[in-house]
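Asker: Got a sequence here, can you model it:
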Amino acid sequence: MPDDRYTHGHEEPVLRSHSWRTAANSAGYLLAHLRSGMSLLDVGCGPGSITRDLARAVAPGRVVGMDRDAGVIGIANAEIAADAVPAVPDAVPTVADAAPTSTPTAPLTFEVADVYDLPYDDGEFDVVHAHQVLQHLSDPVAALIEMSRVTRPGGLVAVRDSDYAAIAWYPPSLGLDTWRRVYRTVARANGAEPDAGRHLLAWAHAAGFADVTPSSSTWCFATPSDREWWGNLWADRTAETAFGRQAIDLGLTSQARLEVVAEAWRNWAADEDGWIVIVHGEILIRVPERPFRGGIAPSAKWWSQRGELLAGVGAGGPTPGSAPGHSNPVGGQRDEVNG
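Answerer: From the prediction side, this is the model:
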């Protein structure tokens, strides 16, 4: 079973970003397919902000959020506990106050688990969802097969991932160019695919699925408040999280250069013309009546073709069986923030 390394880490700036996500801004392609009473598994749920929204959408159905990191699951469970504490009323309650004031949620639990070996029965869930997960995996095809295993026949596997190569911003910035180049290199050194959005349909086909609905959506940050939040967030994520430390360990940059990139993010945020769009690929897989149950055979086939698919397009990446960190996916290119 792969032992993947998470490029971002779970420091405060990363959790600040993850906690901003909602079903509305991150799972809109799925919401129309959810019904009251459905059971749902949220893979790689992080602090659980999307999970809690999905729970409201399928209430009173069962919802499980799972993540490999025990620390972030602790945060998600703490949020549930906080929500369960009743507010102290400012005045003596009246009959009107006795009426429910919020939408009831589904039975919701958060658990530590691994996407490659989910501790659930075949067909246990109506829907299995994963947001920004496959881009961090060294074997996304195997993950899709395992996610489909725990989805009932006729149920849905829903996946959304960003595409770093497709991110566009204005005005041009050498610092942000460097940020993207270094990030994509670090991710690929970890055996992952930072441009996952464009690969989702191919990965679903490689996993043996035919009934797949692809789509796309974006996040756009351009108002002063949005720019301030996003730009300062990524300034902190560049200089203060696992991503930066991994980049330094790989010899791609230095702390001083990361600080220059962080300042480029702040400068972009302060520019009244600043604009950025983050492109996401999405797929809805309708699990067949007889889903594939044969281990990782389609995954192995996909891996055998990966080098050929990427050859000549500058994507690179470790080949199957190579140790993460022992290949340079951008042909020896190094961070040149200062020109």
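
Asker: pLDDT below threshold where in the chain?
Answerer: By pLDDT under 70, the weakly predicted segments of the chain are 84-106, 290-339.

Asker: got the residue ranges for the strands in the stretch 151-300 of the chain?
Answerer: Ranges of strands in the stretch 151-300 of the chain, per DSSP state E, counting those that start in this stretch, are 151-162, 168-170, 212-221, 275-286.

Asker: export these to JSON lines and tack on distance to residue 130?
Answerer: Just so you know, the C-beta spots here come from the backbone N, C-alpha and C atoms, and that holds for glycine as well. Below are those laid out as JSON lines (distance: least, CB to CB, whole Å):
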{"stretch": "strand 151-162", "distance to residue 130": "5"}
{"stretch": "strand 168-170", "distance to residue 130": "25"}
{"stretch": "strand 212-221", "distance to residue 130": "15"}
{"stretch": "strand 275-286", "distance to residue 130": "10"}
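
Asker: Buried deepest among those, which one?
Answerer: Mean neighbour counts were compared across those using mean count of other CB atoms under 10 Å; the top stretch is strand 151-162, at a mean of 23.

Asker: Beta-bridge partners for residue 156, please?
Answerer: residue 127, residue 286 (DSSP bridges).

Asker: who's in contact with it?
Answerer: 30, 33, 126, 127, 128, 284, 285, 286, 287 (CB atoms under 8 Å, 6 or more residues apart in numbering).

Asker: Could you list which residues are in contact with the fourth one?
Answerer: Just to be clear, that refers to residue 127. So residue 127 contacts 30, 33-34, 38-41, 58, 151, 155-158 (CB under 8 Å, 6+ apart).

Asker: hmm, 6 Å instead?
Answerer: Shown in contact with residue 127 (CB atoms under 6 Å, 6 or more residues apart in numbering): 38, 40, 156.

Asker: how about those in CSV, adding distance to residue 50?
Answerer: Below are those laid out as CSV (distance: CB to CB, whole Å):
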residue, distance to residue 50
38, 15
40, 11
156, 15
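
Asker: quick check, nearest of those residues to residue 82?
Answerer: residue 40 (21.7 Å; CB to CB).

Asker: burial measure for the closest residue to residue 121 other than its chain neighbours, as a count.
Answerer: Among residues not flanking residue 121 along the chain, residue 150 sits closest, at 7.0 Å (CB to CB, 6 or more residues apart in numbering). Residues near residue 150, counting by other CB atoms under 10 Å, number 21.

Asker: same check, this time on residue 109
Answerer: 16.

Asker: Backbone dihedrals for it, please?
Answerer: phi -130, psi 150 (degrees, to the nearest 10).

Asker: in the sheet, who's paired with the closest residue to it other than its chain neighbours?
Answerer: In this structure, residue 109 finds its nearest non-sequential neighbour in residue 64, 5.5 Å apart by CB to CB, 6+ apart. Beta bridges link residue 64 to residue 41, residue 109 when assigned by DSSP bridges.
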